[in-house]
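Participant: fold the following.
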Amino acid sequence: MVRFRPLEPWEDPRGGLIERVRIDNGIIALEVLSLGGIIRSLWTPDKDGERSNIVLGCDSAKDYLAQGAHLGAIAGRYANRVANGQMSFEGNSYQLDTNQLTNCLHGGSEGFNRKQWHIGQLSDGVRLSLISPDGDMGFPGNCTVQLDYRLAGNNLYMEIFASTDKACPISLTQHSYFNLEGAHASSNRDHTLQVDSQKHFILNELGLPTGIEEVSGGLLDFSQAKGFDIQEDKQFSSTGGIDHCYLVSTNSDELTRFGCLSSPKSGRSLTLYTNQPSVQIYGANFLEGEKGRGGQVLSKHQGICLEPQQIPDGPNQTELFSDPWIKPDQIYHHISRYQFEAV
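Facilitator: Residues are numbered from 1 along each chain as shown. The predicted structure is shown next:
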């Protein structure tokens, strides 16, 4: 049984209220906001059976709106980067909002992370919905989105459906910063990560893919569990740490295991399964100075994001691995399962 409890809403400095709800099945508990579809808190047990929050977050809508890290939010209409904020389809060209160097990142400066979603109750979780109008941040078509967070045993399911009345690339991801030692911990360096994928994208200096290569035993080979202290290697000097996208050999109708993030200190582990063609691993390289909970100033490398998504710059590189353009007669579908264990 999943218990659903509304919490005291927050004031939205732009006007209105931000709804907050908590869902709890006795193993996992979740606090969700109507702002950005944000997961503000996620409580899971450690090796001693003690539950604590394992995601980074803020104490008010004002703080969420002031930060640019997409803490816990849904990133979209197109997660990751679109080169020069430009794309075209069947003779129609589109200029998107550019908010990171020359790129459109995570849907632009007023992406889905800053939108007010409608929130409602499910028997096993919560359902959020959003309508993004034609031209929102430059994206074509009226886009309707349904987002579910559901709890089943020690699993959190995130499932998203979206449709549009004009051809539009859609890629939505959950952008929580995990720290399996607890959200109070100051670093991710003692975490370990194992990844099933043997291929990742070659990225240029703007974080855009230029090709695909095998990981083949290098620093980015996580086929055997490896510690996050590798992010201090000089190979990552240009990115400030790990910020790389791995391919997933998946059928879009099925969940495929991506890998497992673990904390030896707490005994917690998170195994990710997804139907998306890629997962971005991001080590919170540019989190420094963002405002967290309880007045905490967040630090570089304080969390880890595992972001299932369509491929970076996919609207312009459909031949590289997959085609993210959704036509009016098609439905976008993303489902990911986060399995939490403690040993």
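Participant: contacts, neighbours, all on C-alpha from now
Facilitator: Noted.
Participant: to what extent is Leu71 buried, counted in neighbours?
Facilitator: Residues lying near Leu71 (other CA atoms under 10 Å) number 26.
Participant: do the same with Ile311
Facilitator: 31.
Participant: quick check: it touching His244?
Facilitator: No. Using CA atoms under 8 Å as the test, Ile311 is too far from His244 to be in contact (11.2 Å).
Participant: can you tell me the element the residue nearest to Asn204 when sequence neighbours are not counted falls in?
Facilitator: Of all residues not flanking Asn204 in the chain, Thr210 sits nearest, at 6.7 Å (CA to CA, 6 or more residues apart in numbering). In the assignment (DSSP states H and E), Thr210 maps to strand 209-214.
Participant: list the buried residues in that strand.
Facilitator: Buried residues in strand 209-214, counted by 16 or more other CA atoms under 10 Å: Pro209.
Participant: just the residues contacting whichever helix or strand comes after that strand, thanks.
Facilitator: Counting by DSSP H and E, the next helix or strand C-terminal to strand 209-214 is strand 226-227. Strand 226-227 has contacts (CA atoms under 8 Å, 6 or more residues apart in numbering) with Arg189, Asp190, His191, Thr192, Leu193, Gln194.
Participant: mean confidence score for strand 226-227?
Facilitator: Average pLDDT, strand 226-227: 96.
Participant: give me the distance from that strand to the chain's centre.
Facilitator: In terms of CA atoms, centre = their mean, to the nearest Å, the centre of strand 226-227 is found 21 Å from the chain centre.
Participant: and whatever helix or strand comes next after that strand, what does it pack against?
Facilitator: Downstream of strand 226-227, the first helix or strand assigned by DSSP H and E is strand 243-247. Applying 3 or more CA pairs under 8 Å, 6 or more residues apart in numbering; DSSP states H and E, we find strand 243-247 packed against strand 199-203, strand 278-282.
Participant: how about residues contacting strand 243-247?
Facilitator: Contacts of strand 243-247 with the rest of the structure, by CA under 8 Å, 6+ apart, involve 197-201, 203, 277-283, 285, 311-312.
Participant: go again with 7 Å.
Facilitator: Ser197, Lys199, His200, Phe201, Pro277, Ser278, Val279, Gln280, Ile281, Tyr282, Gly283 (CA atoms under 7 Å, 6 or more residues apart in numbering).
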